[in-house]
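Asker: sharing a model prediction with you, sequence too.
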Amino acid sequence: MKIEVVRGDITRIAADAIVNAANTSLLGGGGVDGAIHRAGGPAILEDCRKIIARQGGCKTGEAVITGAGDLPAKYVIHTVGPVWNGGTHGEEEKLASCYRNSLQLARDHQCCTVTFPNISTGIYHFPKEKAAAIAVRAVQSFLAGQPAGINVIFVCFDEENYSLLKAELKIGH
Ligand code: APR
């Protein structure tokens, strides 16, 4: 089990599963969601539509899994982060659930390497420092309970998240 942090575009990094910061509609959007659907092609949206037909979307804090189309991955795990709304609406617990539920799906699909974006820290305005602490804690505690190793890579698009994640993981600058 290993946790790493890199700076870059998550659509360019090979993994068994790439996690997407989606919304409850699962129909795509801007930010990393837009980048994943653009780079992966229409197959991902087709799979999302099947999930929508079955269960009507995805609730905040939960996750669903699809194929990865043209991306360098087997799966995309779509999780819905909370919109930051002052912190009194269960945002922290919901963000932790995103990481936990995504890793549960990855484990159930025998994924060894999983890449995560900084869920909720873009359009959903979750404070980045809090989000980094929650992400690291949630991933560490999930992995600690797993006999089979999963390697997690946090792929940070911006310098601020990159520095915060490195600091949380106590990786030298
Ligand atoms: N690779 C990695 N990270 C990325 C990329 C990329 N190509 N593009 C953006 N990011 C980063 C942002 O810098 C931010 O730190 O992903 C993080 C999450 O930002 P958003 O994509 O805005 O996601 P979020 O804040 O969770 O908001 C979700 O955005 O587009 C919509 O459909 C999505 O409605 C949902 C909302």
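Answerer: Done, it's in. Residues are numbered from 1 along each chain as shown.
Asker: show me what from the chain comes close to the ligand.
Answerer: Proximity of the chain to the ligand (C-beta under 6 Å from any ligand atom) is limited to residues 9-11, 21-23, 29-35, 81, 117-124, 155, 157-158, 161. Using the backbone N, CA and C atoms, a C-beta is placed for each residue, glycine as well.
Asker: any of these buried? List them.
Answerer: Neighbour-count burial (16 or more other C-beta atoms under 10 Å) applied to the residues of the chain next to the ligand gives 10-11, 21-23, 29, 31-33, 35, 81, 117-122, 124, 155, 157, 161.
Asker: which members of those residues occur in strands, if any?
Answerer: Among these, the members falling in strands are 21-22, 155 (criterion: DSSP state E).
Asker: Throw those into CSV and include distance to residue 169 and pLDDT, thanks.
Answerer: As requested, those are arranged in CSV below (distance: C-beta to C-beta, whole Å; pLDDT from 0 to 100):
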residue, distance to residue 169, pLDDT
21, 20, 99
22, 25, 98
155, 14, 98
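Asker: can you list those in JSON lines and add distance to residue 171?
Answerer: Listed next are these as JSON lines, based on distance: C-beta to C-beta, whole Å:
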{"residue": "21", "distance to residue 171": "23"}
{"residue": "22", "distance to residue 171": "28"}
{"residue": "155", "distance to residue 171": "14"}
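Asker: the ligand: which of those is nearest?
Answerer: residue 21 (3.4 Å; C-beta to the nearest ligand atom).
Asker: skipping its backbone neighbours, what lies nearest that closest one in space?
Answerer: Excluding its sequence neighbours, the residue lying closest to residue 21 (C-beta to C-beta, 6 or more residues apart in numbering) is residue 119, at 4.6 Å.
Asker: need the contact list for the one you found.
Answerer: 19, 21, 79, 81, 95, 98-99, 126, 131, 135 (C-beta atoms under 8 Å, 6 or more residues apart in numbering).
Asker: quickly list what residue 113 is bridged to.
Answerer: residue 151 (DSSP bridges).
Asker: would you agree it is in contact with residue 153?
Answerer: Yes: Residue 113 lies in contact with residue 153 (C-beta atoms under 8 Å); the separation is 6.9 Å.
Asker: residues in contact with both of the two, list them for me.
Answerer: Shared contacts of residue 113 and residue 153, counting by C-beta under 8 Å, 6+ apart, come down to residue 15.
Asker: low-confidence ranges, the chain, go.
Answerer: 172-173 (pLDDT under 70).
Asker: so where do the strands sit in it?
Answerer: 2-7, 17-22, 63-67, 75-80, 113-116, 151-156.
Asker: quickly compare those strands and say which is most buried.
Answerer: strand 17-22 (a mean of 29; mean count of other C-beta atoms under 10 Å).
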